[in-house]
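**Q** No letters, just coordinates:
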């Protein structure tokens, strides 16, 4: 089963996104599951810019495809 990182420490967001993806044959993992403690500075001007920045940062760090959101999924 393929794994995908949900780049959040918020249990509510993790549950929501994991539930949204439940019809797919993937296992979601969190930053905590992988022991990732690093933070990325959210300097974007939009939710989308911050989400993309976070997803790229944590994907590079973890080696997993990554989903991130910033105030809402875009």
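**A** That came in fine, so what should we check first? Keep in mind that what you see is a predicted model, and the values were worked out from it rather than measured.
**Q** for the chain, what spans make up the helices?
**A** Assigned by DSSP state H, the helices in the chain fall at 11-20, 47-62.
**Q** can you redo those as CSV with mean pLDDT?
**A** Shown next, in CSV, are the helices of the chain (pLDDT from 0 to 100):
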stretch, mean pLDDT
helix 11-20, 93
helix 47-62, 95
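**Q** which one of these lies closest to residue 29?
**A** Residue 29 lies closest, by CB to CB, to one member of the helices of the chain: helix 47-62, at 8.3 Å. For glycine as for every other residue, the C-beta is placed from the backbone atoms N, C-alpha and C.
**Q** so what secondary structure elements neighbour that closest one?
**A** strand 2-6, strand 66-67 (3 or more CB pairs under 8 Å, 6 or more residues apart in numbering; DSSP states H and E).
**Q** picking that back up, out of the helices of the chain, deepest packed?
**A** Of all those, helix 47-62 has the most neighbours on average by mean count of other CB atoms under 10 Å, namely a mean of 17.
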